[in-house]
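> Structure, please.
(chains A and B)
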Protein chains: 2
Amino acid sequence: MSPDSETPSSGNVPEEGDSSQPISKKAAKKEAAKQEKERRRREIEAAAASLSVEEEGPLSKNYGNVPLSELQSVDNPGAGNWSEGVHGKNWTEVGALTESLKDQEVLIRGRVHTSRPVSGKLAFLVVRERGSTVQCVVTVKPDSVSKQMVKFVNALSKESIVDIIGVVSVPGVAIKGTTQQVEVQVKKIYCVSRAASLPINIEDASRSEAEIEKALKEGEQLVRVNQDTRLNNRIIDIRTPANQAIFRIQSQVGNIFREFLLSEGFVEIHTPKLIAGSSEGGSAIFKLDYKGQPACLAQSPQLHKQMSICGDFGRVFETGPVFRAEDSYTHRHLCEFTGLDAEMEIKKHYSEVMDIVDRLFVTIFDGLNQRCKKELEAVGKQYPFEPLKYKPKTLRLTFEEGIQMLKNAGVEIDPLGDLNTEAERKLGQLVLEKYGTEFYILNRYPLAVRPFYTMPCHDNPLYSNSFDVFIRGEEIISGAQRVHIPEFLEERAQACGIDVKTISTYIDSFRYGAPPHGGFGVGLERVVMLFCGLNNIRKTSLYPRDPLRIAP
Amino acid sequence: MSPDSETPSSGNVPEEGDSSQPISKKAAKKEAAKQEKERRRREIEAAAASLSVEEEGPLSKNYGNVPLSELQSVDNPGAGNWSEGVHGKNWTEVGALTESLKDQEVLIRGRVHTSRPVSGKLAFLVVRERGSTVQCVVTVKPDSVSKQMVKFVNALSKESIVDIIGVVSVPGVAIKGTTQQVEVQVKKIYCVSRAASLPINIEDASRSEAEIEKALKEGEQLVRVNQDTRLNNRIIDIRTPANQAIFRIQSQVGNIFREFLLSEGFVEIHTPKLIAGSSEGGSAIFKLDYKGQPACLAQSPQLHKQMSICGDFGRVFETGPVFRAEDSYTHRHLCEFTGLDAEMEIKKHYSEVMDIVDRLFVTIFDGLNQRCKKELEAVGKQYPFEPLKYKPKTLRLTFEEGIQMLKNAGVEIDPLGDLNTEAERKLGQLVLEKYGTEFYILNRYPLAVRPFYTMPCHDNPLYSNSFDVFIRGEEIISGAQRVHIPEFLEERAQACGIDVKTISTYIDSFRYGAPPHGGFGVGLERVVMLFCGLNNIRKTSLYPRDPLRIAP
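Residues are numbered from 1 along each chain as shown, chains lettered A, B, ... in the order given. I've put the predicted structure just below:
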């Protein structure tokens, strides 16, 4: 039976606080608060009521809370109603519920996304598993569903976890409020874990800016969940379809990064994050006591990945946490992020490093577009973005060419200084207009704006064998050839005002034969942020750490 | 031309300090020291001499030190001799030099492993790239090799990096001292990077105990490089064939771990290592100041991986650093290691977690045996070991069964206490004898010896839904079902004497609907150590951190 025959609005899951009356902003806020209060009261009442739902008879076996003892025990149908109900059955994922399963009995586990009591004999329940949702129909039937069972269902709090046994049906019209275009006619339902009253609602947290603004134009004030509230309640916030998708995309970026590099003969290494001393990089380091010795957290695996090249691994990479104690309060800085680092021997020229970066990122982008279609859609639904424009062979410009493009566009920049954020954005725009790509490499940076260990250019010591890579006008990768000759490295350090004694371990690494080499580093969170056109790096860090946040 | 026609010992690369005279231990030590001193003197002299090797004429282009300017520049044949020599040529890896390349000209890059002057007109050079070595012959030829070039080759210090252009030849007899069974007849040789006098020799660091003892019986004292000397000079130490192999095996373990879990629907996550407060786990934590707040380094991703399950990721895993400030000076403890962690929803029973562990590790072992044949051989050459005995379906015993086996063998153990190292070893031996496997799961551990968040057994609250996994008699994996009901978790924490207020963030994570779940954690370094039967975890950590070591 489809609810379509019951009510014209069926198939559409009503939004929390849905209203068609245009009202003032203040009134809307007040109304929202009132509704929220009311909602919580109802939930608490319902939870209490559910405890008193007791009945005798055979139908009482078809629903109820699963006692802990059953969840602890081995698969034993004698242990209780739930155990008997699920015994011998396989779970079907909500995302796998399609027309091909029509009339088949399925067992699903998911959360109560929304519930809608229609009458004492009928209730609709939208069940969500990860990003997917399905409408479940609970209607009184003499052989399976009692009135008490409908009451039990109506009393389930949002986000509670339920196991449902039911039959797949296909309604005559499209279902607008769920991802799955089938319904489940419920025969049995058990609550595995009951949720307390929620600090934020999934529907609120899943809403796009456009929806909120559209509603506002129509006089309706929908709840907007701000960034801090989201992060304070991260375990609820990450249940939204967009967040489920973002971290699945992130997982794939890391996966393709490694797949590609392993196929190119790179070896994965794990370098220590605990570093002796506290001289590594000035003030932006986290210091700690290591068994009575001063120590700090690595700001990058630079030293150890270069040591690994001197140790003959040829080509190495690492994915691991990187720590920066900087007081940066921007949309793109974190105090802890996931670094994707690589280092490799150079045979002839540092363009070999750029070749790897080029092919690696084109492989990542292609891979995401192929493997994460559903996830990219889910992100775009809440945070609309244009697919990244990139070329099969990545555009390379020299820093000088970049400066010239800016100059031609009327932007005057110090030709031997660094680009500021504004200039980077402008150049990104010019490159997009001229070359039709939002992903490009800018190389031969001025030597003065790079670390002391960067190899100068052969033909002009004011420039260096280094590069940055940009996505959508933001710097995302830094790379370079390194100075591998210890005497020259000392000279360069001194020229940069660094006390050579403080970096003797580093310099000594190159004394026993060091191959020419170079490498690069990328922040995983930035790759995901910029590929998906997101506006804040906190959206792509599961539990972000910034100068004001070290929880949860 | 093969050196076989020149000298009967050809094909064998003589060991440093080779001697056939039986001498006393003390005399041998003295002699070794003298030889070492002499060797260094010779190296320094040779290095100086090489600078004065200058000649005119066309043959002078075929050798020499590569100036920095050439290594900085683009691929430009006009830049100098080296640039002209390598221009348009592809490198062949030393490990790829086989008979199939006979009579072909190749370009190789490698280190001077050993060099042996025969006369002013002939020299042998063993060149090493990663774990592979090849003998190169430099003999005066009117069209390519001058006497000065032979002199230049003889002056190359060990571990210097050279580019060689030469022709592959196949000698009539087996070459014992190198991995490759061909020779390279050198036409051009350039030094890319010159090594200073070495604190340890690769041959010394590559030697097995057996070789040292065999030589000793024959009256010869070979240098034994101890663990601390190795670790102090790690960038040289990791160049040995065994170490090159160990870290390539480690890279594969991580790779197969992820491949398998991704294929099973797990999502890779990255959780923060910086944790608020300092209450996480008593004294064994590294504390630090986080922007004025007390903080510490995560001892495991336990909290955040469970939060991710509550956040609907279903199945998650992480590979990342784990920090333990314990004062453990054993062969199996580090202050920083690489944790392989996984957490998953449980549908019916915690055996689902053991199923994953079972198939995951069998896949890893099978994968290593298939993909790392050469590497496992290289490790075994220096550190002989028997291949790990494991079954396609992993043996599972209950803790009670384990205790009974020990009891039957006369070992009395507290049936509700933990196993000590000795008992674990003994049980491993008994299991091997009875079941023929060195890899097994022991489950249903006593509740009292597991963390408070471990789910008790349904049928006996003295035991728990938990397990340890053993390789070669050593514990390697810990796993369990977790308590997902906040009220029960509070009860368990209190029963374990933990102040519930200090873990409120953790407990609150389960208030908004938490699926039954479980997981496990493994130390990457231990997997490699035990699979290869190594005796110390410092051998499988690239730059180990222990209570006495935070460098290099």
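> Point out where the stretch 151-300 of chain A drops to low pLDDT.
Within the stretch 151-300 of chain A, the segments meeting pLDDT under 70 span A:278-283.
> wait, what's in contact with the residue nearest to A:Glu159 when sequence neighbours are not counted?
In space, and not counting its chain neighbours, A:Glu159 is closest to A:Ala195: 3.8 Å by Cβ to Cβ, 6 or more residues apart in numbering or on different chains. For the C-beta atoms, the positions are set from N, CA and C on the backbone; glycine is no exception. Listed by Cβ atoms under 8 Å, 6 or more residues apart in numbering or on different chains, the contact set of A:Ala195 reads A:Arg111, A:Val112, A:Ser157, A:Lys158, A:Glu159, A:Ser160, A:Ile161, B:Arg511, B:Tyr512, B:Gly513.
> How much space separates the fourth one from A:Gly277?
From A:Lys158 over to A:Gly277 the distance is 52 Å, taken as Cβ to Cβ, to the nearest Å.
> Out of the two, name the residue with the larger neighbour count.
Neighbour tally, A:Lys158 and A:Gly277, criterion other Cβ atoms under 10 Å in any protein chain shown: the higher count belongs to A:Lys158, 21 against 17.
> For that one, which non-adjacent residue is spatially closest?
Sequence neighbours aside, A:Val112 is the residue nearest to A:Lys158 in space, at 5.5 Å (criterion: Cβ to Cβ, 6+ apart).
> same deal with A:Met529?
By the measure of Cβ to Cβ, 6+ apart, the closest residue to A:Met529 outside its immediate chain neighbours is A:Thr540, 4.7 Å from it.
> quick one, what contacts the one you found?
Residues counted as contacts of A:Thr540 (Cβ under 8 Å, 6+ apart) are A:Ile246, A:Gln250, A:Leu524, A:Glu525, A:Arg526, A:Val528, A:Met529, A:Cys532, A:Leu534.
> re the thing from before, quick one: name whatever helix or strand follows the helix or strand the residue nearest to A:Lys158 falls within.
Under DSSP states H and E, the secondary-structure element containing A:Val112 is strand A:105-119. Towards the C-terminus, the helix or strand next in line after strand A:105-119, according to DSSP H and E, is strand A:122-129.
> now the angle between strand A:105-119 and that following strand, please.
Note on geometry: by axes from the mean of the first three to the mean of the last three Cα atoms, to 10 degrees, strand A:122-129 and strand A:105-119 are set 130 degrees apart in direction.
> what sits up against strand A:122-129?
Residues outside strand A:122-129 that contact it (Cβ under 8 Å, 6+ apart) are A:3, A:6, A:10, A:13, A:93-95, A:108-118, A:133-140, A:150, A:153-154, A:156, A:162, A:164, A:177-178, A:184, A:186, A:202, A:239, B:312.
> Could I get the full set of helices for the stretch 451-552 of chain A?
In the stretch 451-552 of chain A, the segments counted as helices under DSSP state H, counting those that start in this stretch are A:486-495, A:504-508, A:524-531.
> Any residue of the first one touching chain B?
The reference is to helix A:486-495. Yes - counting by Cβ under 8 Å from any Cβ of the partner chain, chain B is contacted by helix A:486-495 at A:Phe488.
> Put the alpha carbons of that helix into PDB.
Presented in PDB, the C-alpha positions along helix A:486-495 are these (Å, rounded to 0.1, in the frame of the first residue of the first chain):
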ATOM      1  CA  PRO A 486      76.100  20.100   2.300                       C
ATOM      2  CA  GLU A 487      78.600  23.000   1.800                       C
ATOM      3  CA  PHE A 488      76.200  24.800  -0.400                       C
ATOM      4  CA  LEU A 489      73.300  24.200   2.000                       C
ATOM      5  CA  GLU A 490      75.400  25.800   4.800                       C
ATOM      6  CA  GLU A 491      76.100  28.800   2.500                       C
ATOM      7  CA  ARG A 492      72.400  29.100   1.800                       C
ATOM      8  CA  ALA A 493      71.400  28.800   5.400                       C
ATOM      9  CA  GLN A 494      73.800  31.500   6.400                       C
ATOM     10  CA  ALA A 495      72.600  33.700   3.600                       C
END
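> so which residue of the stretch 351-500 of chain A comes closest to chain B?
Taking Cβ to the nearest Cβ, chain B has its nearest neighbour within the stretch 351-500 of chain A at A:His458, 3.7 Å off.
> In the sheet, which residues pair with the residue nearest to A:Glu159? Tell me.
The residues listed as beta-bridge partners of A:Ala195 by DSSP bridges are B:Tyr512.
> With A:Ile164 instead?
Residues in a beta bridge with A:Ile164, per DSSP bridges, are A:Ile108, A:Ile189.
> isn't it right next to A:Val112, touching?
No - contact criterion Cβ atoms under 8 Å: A:Ile164 and A:Val112 do not qualify, at 10.3 Å.
> circling back: put together CSV for the contacts of A:Ala195, with distance to B:Gly417 on each row.
Shown next, in CSV, are these (distance: Cβ to Cβ, whole Å):
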residue, distance to B:Gly417
A:Arg111, 41
A:Val112, 43
A:Ser157, 42
A:Lys158, 45
A:Glu159, 40
A:Ser160, 39
A:Ile161, 36
B:Arg511, 34
B:Tyr512, 37
B:Gly513, 36
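> Once you drop chain neighbours, what's closest to A:Lys389?
Beyond its immediate neighbours in the sequence, the residue positioned closest to A:Lys389 (Cβ to Cβ, 6+ apart) is A:Glu438, lying 4.6 Å away.
> tell me which element A:Tyr440 is part of?
Here A:Tyr440 is covered by strand A:439-443, with elements defined by DSSP H and E.
> What mean pLDDT does that strand get?
The predicted model assigns strand A:439-443 a mean pLDDT of 98.
> Please see if that strand touches chain B.
No - with Cβ under 8 Å from any Cβ as the criterion, chain B is not reached by strand A:439-443; the gap is at least 11.6 Å.
> Tell me the pLDDT of the closest residue to A:Lys291 other than its chain neighbours.
Counting by Cβ to Cβ, 6+ apart, the nearest residue to A:Lys291 once its immediate chain neighbours are dropped is B:Pro547, at 5.2 Å. Looking at B:Pro547, its pLDDT stands at 95.
> Can you check my assumption that A:Thr133 lies in a helix?
No - if the criterion is DSSP: H, G, I helix; E, B strand; the rest coil, then A:Thr133 is strand and not within a helix.
> what residues are up against it?
Shown here is A:Thr133, whose contacts under the criterion Cβ under 8 Å, 6+ apart are A:Val94, A:His113, A:Val126, A:Val127, A:Gly177, A:Thr178, A:Thr179, A:Gln180.
> And for A:Lys391?
With contact taken as Cβ under 8 Å, 6+ apart, A:Lys391 is in contact with A:Val362, A:Tyr435, A:Gly436, A:Thr437, A:Phe439.
> Get me the contact residues on the stretch 51-200 of chain A for chain B.
Proximity of the stretch 51-200 of chain A to chain B is assessed by Cβ under 8 Å from any Cβ, with A:68-75, A:79, A:86, A:91, A:109, A:111, A:129-130, A:159-161, A:192-196, A:198 identified as the residues in range.
> try 7 Å this time
If contact is defined as Cβ under 7 Å from any Cβ of the partner chain, the residues of the stretch 51-200 of chain A in contact with chain B are A:68-69, A:71-75, A:86, A:91, A:109, A:111, A:130, A:159-161, A:192-193, A:195-196, A:198.
> do you know how far the closest residue to A:Gln180 other than its chain neighbours is from A:Asn62?
Nearest-residue entry for A:Gln180: A:Val134, 4.2 Å, with adjacent residues in sequence omitted and distances by Cβ to Cβ, 6+ apart. As judged by Cβ to Cβ, A:Val134 and A:Asn62 stand 19 Å apart.
> For these two, work out which one has more neighbours and name it.
Residue environment comparison for A:Val134 versus A:Asn62 gives the larger neighbour count to A:Val134, 27 against 21, counting by other Cβ under 10 Å.
> my guess is the more buried one contacts A:Thr178, does it?
Yes - A:Val134 is within contact range of A:Thr178, at 5.6 Å (criterion: Cβ atoms under 7 Å).
> which residues do the two both contact?
In the contact map built from Cβ atoms under 7 Å, 6 or more residues apart in numbering or on different chains, no residue is linked to both A:Val134 and A:Thr178.
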